[in-house]
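# here you go, sequence then predicted model.
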2 protein chains.
Amino acid sequence: MSYAIGVDLGGTNLRIAAVEERGALMEKVTLGTQVQRGRDYVVGQMTDAIRHVITKYQDHGQLIGIGIGVPGFIDMDTGTVRESPNLPGWSDYPVHKDIESRLGTKVVLENDANAAAMGEKWLGAGRDTNDMVMYTLGTGVGGGIVVDGRLWHGMNGMAGELGHHTVLPDGHPCGCGNHGCLEQYASATAVVRMAREAVAKGMSDALANASRNDVEFSSKVIYQLAIQGDKAAQEVFNTVGRSLGIAVGNMVNALNFPMYVIGGGVSSAWDAFHDSMFEELHTRSFIYRVTAPEAVKPGAKRTIVTRALLGSDAGLFGAARLPMLVNADSAVPAEQPKEGVPGTPVAGTR
Amino acid sequence: MSYAIGVDLGGTNLRIAAVEERGALMEKVTLGTQVQRGRDYVVGQMTDAIRHVITKYQDHGQLIGIGIGVPGFIDMDTGTVRESPNLPGWSDYPVHKDIESRLGTKVVLENDANAAAMGEKWLGAGRDTNDMVMYTLGTGVGGGIVVDGRLWHGMNGMAGELGHHTVLPDGHPCGCGNHGCLEQYASATAVVRMAREAVAKGMSDALANASRNDVEFSSKVIYQLAIQGDKAAQEVFNTVGRSLGIAVGNMVNALNFPMYVIGGGVSSAWDAFHDSMFEELHTRSFIYRVTAPEAVKPGAKRTIVTRALLGSDAGLFGAARLPMLVNADSAVPAEQPKEGVPGTPVAGTR
């Protein structure tokens, strides 16, 4: 059985996984990313950890290659990170070539949100579809578009920037220079900001207490208050849902894909935002309205908007999938795993 | 030289064109559509006119097939019109099969905005690109998405409904059930509505006079006033431009296509709305910002947003193109015409 290595290089963690061709996880390693120690340190740390995994599994089967998901724009033509706020010093550095020559194996570089989309397509919510859009609601909001089983990169690798979809033209300013981007209403950062705004307006004692006492006043804490019935916290997640409903509805009307997947940390708050999201979807997209699961006849093609299944591993599995797809005939969709539930360890390998 | 026949079935006109394989127009016929006389009458009128063209060119070359662009949703699986407000009585009628059996040749049915997108891709603004989005600003706003040289239909033919992209969540109500659809700000209908709103607010004597005196108070009249300097009329087109900028910017961020084409009747007012459109694009899409023609180095890949070139003939040429593509190997992009300027009559054929 051949296998591939997936790398998820985040701002705080560096995660590495060895994954079998059919999707079974062999091993997963998590290290802290010390980005402040510079690019060369991080690349060294990454290649050391990968070498360790390769050595460990040298008798296990053929290494197909390595996929690396990184935040930021990737120039697909040159295999360089074009711009990455979370990885200072990486701009225009040929990651792909450097690591390929250090490790002597094929390396595929990919934007982290695209890698997550590929993970969900391969082993998660999208495993039975070839066309899907995925939103990753994390610190920011990323996106990935899968067309005919492959990531859609656009003309220079910048496709799928769904976090900067305008949902409210005169809305909150965004770091990208726009106002009212989805990211300003549906990211973990936005959830905290909106909760603080509610506190400032005196709208919730519970939120105010949490924001004072909790050193980590996070979207998770706010979600807990929402499900405990705090109106202001609920309204924060209603805004998350409404913003997603607008953005996803626009994509439904444009693409008429069968599936839209909501992932990333904030998607754990699904229960708190899905009602308002579906309400907007029903209003904003007549395509969704006539093709939503509850609206279509049995057997008819339907539009599904659903939560991701792989949690924080989506990007790791997706990254591992990338070198497998490079090998495969580009016209033949990758085989769907029939067994091999993601996350199931292979006996004896860890 | 083989040729195909394109049909553009609108609410007021039925237009038929014979087009050579390389894009040269052989003949164009325009008839009034008497939709009120019922579907059978219109289909009879259409097939009679097509038969006339076929007979006339029977010695000219092989008829490849007939493409028909109709307003409304097309069920691509069954070749039926699924829903068409402008063509009462056509719902669920198998146009495609009926006309095929009447004329004994291949018939391809397509949504009119998709046909227009294909026309612009074949012979118009998009002739040097394989991936483009087209907006048709007419009575409503339609859209068509071309991926790898082919129309993107989505899972059930409903893709490209770009007129119902939410640009202002609490905006003007739309017939589709949503509020703030692009169609409510960038269609000819919207231009007239916004001008009447300005008149009602007493914002322009010139607009007020025109709306009283001109039995056809149209977007064209309002455009004339805008270029003559009427502030209220200019503001109407600024709204057209801003709305387009939001919608197109969202598609740029999602798809990273090289080209977005603005066509349809309202696109004749390009001079009056393009400044505000590009201003929004620069703000709303950082992908556009870094890849706009004026921002990129020579030779780099750029994002182009431009007006359509074929005017009202886009749908006609695009419809004629459809049967040619069905014949071609689906993996091979259609040959780009090197000569054959659209609209150039072939000597001796009319």
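That came through, no problem.
# for the residue in the stretch 251-350 of chain A positioned nearest to chain B, which residues are in contact?
Going by C-beta to the nearest C-beta, chain B is nearest to residue A:256 of the stretch 251-350 of chain A, at 2.3 Å. Using the backbone N, CA and C atoms, a C-beta is placed for each residue, glycine as well. Residue A:256 is in contact with A:287, A:303, B:153, B:154, B:155, B:156, B:157, B:158, B:159, B:160, B:161, counting by C-beta atoms under 8 Å, 6 or more residues apart in numbering or on different chains.
# skipping its backbone neighbours, what lies nearest it in space?
What sits nearest to residue A:256 in space, not counting adjacent residues and going by C-beta to C-beta, 6 or more residues apart in numbering or on different chains, is residue B:154, at 2.3 Å.
# wait, isn't the one you found in contact with residue A:255?
Yes: if you go by C-beta atoms under 8 Å, residue B:154 and residue A:255 touch, sitting 5.9 Å apart.
# more neighbours: which of those two?
Taking neighbours as other C-beta atoms under 10 Å in any protein chain shown, residue B:154 and residue A:255 compare with residue A:255 leading, 29 against 24.
# so the more buried one sits against residue B:155, correct?
No: judged on C-beta under 8 Å, residue A:255 makes no contact with residue B:155 at a distance of 9.2 Å.
# between the two, which contacts overlap?
Common neighbours of residue A:255 and residue B:155, using C-beta under 8 Å, 6+ apart, are residue A:131.
# can you name the next helix or strand after the helix or strand bottoming out on mean pLDDT in chain A?
Ranked by mean pLDDT, DSSP states H and E, the weakest helix or strand in chain A is strand A:80-83, scoring a mean of 77. Using DSSP states H and E, the helix or strand that follows strand A:80-83 in sequence is helix A:95-103.
# so for that next one, what gets flagged as buried?
Within helix A:95-103, the residues that count as buried by 16 or more other C-beta atoms under 10 Å in any protein chain shown are A:95, A:96, A:98, A:99, A:100, A:102, A:103.
# distance check, residue A:282 against residue B:134.
Noted for residue A:282: a distance of 27 Å to residue B:134, by C-beta to C-beta, to the nearest Å.
# swap that for residue A:116, sorry
Distance of residue A:116 to residue B:134, computed by C-beta to C-beta: 31 Å.
# the more surrounded of these two?
Between residue A:116 and residue B:134, residue A:116 has the larger neighbour count (other C-beta under 10 Å), namely 34 against 31.
# mind pulling up the phi and psi values for that one?
Main-chain torsions, residue A:116, degrees, to the nearest 10: phi -60, psi -40.
# show me what contacts it?
A:69, A:134, A:136, A:142, A:144, A:263, A:264, A:308, A:310, A:314, A:315, A:318.
# one more pass at 10 Å, please.
Residue A:116 is in contact with A:8, A:69, A:110, A:124, A:134-136, A:138, A:142-144, A:261, A:263-264, A:308, A:310, A:312-319, counting by C-beta atoms under 10 Å, 6 or more residues apart in numbering or on different chains.
# what of residue A:205?
Neighbouring residues of residue A:205 by C-beta under 10 Å, 6+ apart: A:199, A:230, A:232.
# for those residues, which one is nearest chain B?
Among the contacts of residue A:205, residue A:232 lies closest to chain B (C-beta to the nearest C-beta), at 20.9 Å.
# helix or strand for the closest one, which one?
helix A:231-255.
# hey, what's in contact with both of residue B:154 and residue A:255?
Both residue B:154 and residue A:255 are contacted by A:131, A:287, A:303, B:145, B:160, B:161, under the criterion C-beta under 10 Å, 6+ apart.
# turn those into a markdown table, including pLDDT.
Converted to a markdown table, the shared contacts of residue B:154 and residue A:255 look like this (pLDDT from 0 to 100):
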| residue | pLDDT |
| --- | --- |
| A:131 | 98 |
| A:287 | 90 |
| A:303 | 97 |
| B:145 | 98 |
| B:160 | 97 |
| B:161 | 96 |
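# show me what contacts residue A:173?
Residue A:173 neighbours (C-beta under 10 Å, 6+ apart): A:179, A:180, A:181, A:184.
# which of these tops the neighbour count?
residue A:181 (31 neighbours).
# how does chain A divide up, domain by domain?
A:3-121+A:311-327, A:129-307 (automatic domain parsing).
# where among these is the average confidence lowest?
Across these, domain A:3-121+A:311-327 has the smallest mean pLDDT, namely a mean of 90.
# near chain B, which residues of the stretch 251-350 of chain A?
By the rule C-beta under 10 Å from any C-beta of the partner chain, the part of the stretch 251-350 of chain A lying against chain B is A:251-259, A:280, A:282-291, A:296, A:300-303, A:331.
# of those residues, which belong to helices?
Mapping those onto helices (DSSP state H) picks out A:251-255, A:280, A:282-284, A:286-291.
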